[in-house]
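1. Return atomic coordinates for the entry below.
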Amino acid sequence: MNSEVKNAVNIQVNPKRMLGIAAIIVIAVAFSLQFIPDDPKDFGPLSLVPAVFLIIYIFWTKRILEALTLASLMGFIMVEKIGFFTAFTDALLNVMMSEDIAWLFIVCGLMGSIIALIEKTGGAYAFGEWVATKAKSRESTLMWTWVLGLAMFLDDYLNALTLGSCMAPATDRYRVSREFLSYVVDSTAAPVCVLVPITTWAVFASRLLEVNGLAEAGQGMKFFIRTIPFNFYGWAATFIVPLVILGVVPLVGPMKRAEKRARETGVLAPPGSEKIDIRAGEAVQAPENAKIINFALPIIFLIAAMIYFDVDMMKGVISTIAFMFFLYIPQGLMNAEEFTDLCMKGLKNMLLPLMLMVLAFTFAEANDAIHFTEYVITSAAPIMSPQLMPLVVFLVLGATEFITGTNWGMYIIALPIVIPLTTSVGANPVLTVAAVLSAGVWGSHICFYSDATIITSAATGCDNFQHAWTQMPFGFMAAGISAIAFLIAGFIF
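-> Coordinates of the predicted model:
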């Protein structure tokens, strides 16, 4: 192991130093309360303070849980002053009771159960062996990951959790860093979902377009389909991946260093990855009768169930668990008690990713309270013209999404503001909505605590900070291409 890897492995956080930092932050915020307006709508640039703190703290300490907690507390202190703790706990309770988080716990938790069951039966091992017969090099293995990612377009969680967990053993054989695998998986999940009409993203977006009056009832999907050619980030992010795999686009910065570490030392995952790894660092021993049908049939059933239930991921995973019970028990692969224990183990393995998402949503609540998103959008409004609006919307909301980390949540907040602005400015509504959708994918791709980053990291066994950090240059590359495309399209259309 070279000195660079040793230093990375030996990084430790001094608890006293961290406590001192937190105390200084709390005292500084408390002292500054006298300069903060009583009405959050009057905060103006002050609404940026928690977000700026969050970014600096994450880059400085690499501690995302603490960063989200402290930044959330800062936001509630600004709004509620002495009553911040009650506001924080109320927000945490509201997040835990929200439909979105309940959906995440059911879907992500049961996806963890599905993966644990597939691995125990040897289905994941058999799938890896099948891929090994088709892919004879690291490039071809990664290309297979990309192609399979395109095929699993129904939902980004389904895509990332299934492919990430099952392709890791195959790419490990060729010393592919987990950072590189995470990039390939993540960039063929959400980007593909905004390019296909029959996905959970398409259903959600089309409903929002109807609610906000941009499309008549029942016509939201038709409007969404019109945005697909202009969803430039989705196209760019998706098709940069094979260029990176084949070396047409060279590896740069932290990704290049990660690949060097993996090739030269055999250390595939960055330090700290075991904390978020859905497999919990355990090596799964495949049974002698490992069959690929124990992988393929549940995944095929899950996709079919989602389609049958109108692209409802929750109903899909619940019915798939029931299907797996009647698939595995008669084969003698496990008894009913073992089946239940594995389901619980899979749920447990998803706890850290889910906790990160709870805190990200709580931080989003704090941002809502200080009117962060509204301030950013309204500040950018004066420079918007019909030609420049798609570009400005893409850049501003991409930055906003990078900070808030909740792409669907950003859509809910941003569209009611952007749609009237589009009408008043006279911009192309299809192009502007495409810019909003693109911004959500781009921002979540480079965010350290977005659902896309966390789910992908959990599935591939890669520290979520390192995943976002190594993916960031390629995210900015796709964003640069998209920005140029939105600028040109703004003048043409």
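
2. Buried residues of stretch 413-428, list them for me.
-> Residues of stretch 413-428 classed as buried under the neighbour-count rule (16 or more other C-beta atoms under 10 Å) are 413-415, 417-419, 421-422, 425, 427-428. No exception for glycine: its C-beta is placed from N, CA and C like everyone else's.

3. Low-confidence bits of the stretch 201-350 of the chain, can you list those?
-> The model of the stretch 201-350 of the chain has pLDDT under 70 over residues 280-288.

4. the helices in it, which residues?
-> In the stretch 201-350 of the chain, the helices defined using DSSP state H, counting those that start in this stretch lie at 220-227, 232-245, 253-265, 293-308, 313-328, 336-349.

5. and of those helices, who's closest to Ser379?
-> Proximity to Ser379, assessed across these by C-beta to C-beta, is greatest for helix 232-245 (22.4 Å).

6. Tell me the helices and strands packed up against the closest one.
-> Under the contact definition 3 or more C-beta pairs under 8 Å, 6 or more residues apart in numbering; DSSP states H and E, helix 232-245 sits against helix 138-151, helix 178-186, helix 190-193, helix 429-446, helix 464-492.

7. Specify the angle between it and helix 178-186 in degrees.
-> Between the axis of helix 232-245 and that of helix 178-186 there is an angle of 140 degrees, by axes from the mean of the first three to the mean of the last three C-alpha atoms, to 10 degrees.

8. wait, Ala217 sits on Leu209?
-> No: if you go by C-beta atoms under 8 Å, Ala217 and Leu209 don't touch, sitting 10.6 Å apart.

9. Could you give the number of residues near the closest residue to Trp201 other than its chain neighbours?
-> Taking C-beta to C-beta, 6 or more residues apart in numbering, and ignoring the residues beside it in sequence, Trp201 has Cys193 as its nearest neighbour in space, at 4.1 Å. By other C-beta atoms under 10 Å, 26 other residues sit near Cys193.

10. for Asn335, same thing?
-> Residues lying near Asn335 (other C-beta under 10 Å) number 11.

11. Now it: phi and psi?
-> Backbone torsions for Asn335, taken as degrees, to the nearest 10, come to phi -100, psi 180.

12. which residues sit in contact with the closest residue to it other than its chain neighbours?
-> If you skip the residues right next to it in sequence, Asn335 has Ile329 as its closest partner in space, 7.0 Å away by C-beta to C-beta, 6+ apart. By C-beta atoms under 8 Å, 6 or more residues apart in numbering, the contact set of Ile329 is 335-336, 339.

13. with these in mind, which one is nearest to Gly405?
-> Phe339 (34.6 Å).

14. Tell me the spacing between the residue lying closest to the closest one once chain neighbours are set aside and Leu161.
-> Counting by C-beta to C-beta, 6+ apart, the nearest residue to Phe339 once its immediate chain neighbours are dropped is Phe325, at 5.9 Å. Separation of Phe325 from Leu161 (C-beta to C-beta, to the nearest Å): 20 Å.

15. So these two - more neighbours on which side?
-> Leu161 (29 against 16).

16. wait, isn't the more buried one in contact with Ala116?
-> No: with contact defined as C-beta under 8 Å, Leu161 and Ala116 do not form a contacting pair (11.2 Å).

17. rewinding a little: most tightly surrounded among the helices of the stretch 201-350 of the chain?
-> Using mean count of other C-beta atoms under 10 Å, the stretch among these with the largest mean neighbour count is helix 232-245, at a mean of 22.

18. quick one, that helix and helix 464-492 angle?
-> Comparing the axes of helix 232-245 and helix 464-492 via the same axes, to 10 degrees yields an angle of 130 degrees.

19. angle of helix 232-245 against helix 220-227?
-> Using the same axes, to 10 degrees, helix 232-245 lies at 50 degrees relative to helix 220-227.

20. quick one, which of Ala217 and Leu209 is more surrounded?
-> A direct count of neighbours by other C-beta under 10 Å for Ala217 and Leu209 places Leu209 higher, at 24 against 7.

21. picking that back up, for the buried residues of stretch 413-428, point out the one with the lowest pLDDT.
-> The weakest per-residue confidence within the buried residues of stretch 413-428 falls on Ile413 (79).

22. That residue: what's it in contact with?
-> Applying C-beta under 8 Å, 6+ apart, one finds that Ile413 lies in contact with 368, 373-374.

23. One more pass at 7 Å, please.
-> Taking C-beta atoms under 7 Å, 6 or more residues apart in numbering as the criterion, Ile413 is in contact with Thr373.

24. Secondary structure element holding it?
-> Taking DSSP states H and E as the definition, Ile413 sits inside helix 407-425.

25. repeat for Ala160
-> Take DSSP H and E as the rule and Ala160 turns out to sit in helix 156-172.

26. Quick one: mean pLDDT over that helix.
-> For helix 156-172, the mean confidence score works out to 86.

27. any idea how far it is from the chain center?
-> Once both centres are worked out by C-alpha atoms, centre = their mean, to the nearest Å, helix 156-172 turns out to sit 14 Å from its chain's centre.

28. In terms of secondary structure, what does it contact?
-> Based on contacts counted as 3 or more C-beta pairs under 7 Å, 6 or more residues apart in numbering; DSSP states H and E, the elements that helix 156-172 packs against are helix 99-120, helix 123-134, helix 138-151, helix 178-186, helix 293-308, helix 451-460.

29. Save these as CSV, and put in distance to Leu54 too.
-> Formatted as CSV, these follow (distance: least, C-beta to C-beta, whole Å):
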stretch, distance to Leu54
helix 99-120, 20
helix 123-134, 36
helix 138-151, 30
helix 178-186, 21
helix 293-308, 34
helix 451-460, 14
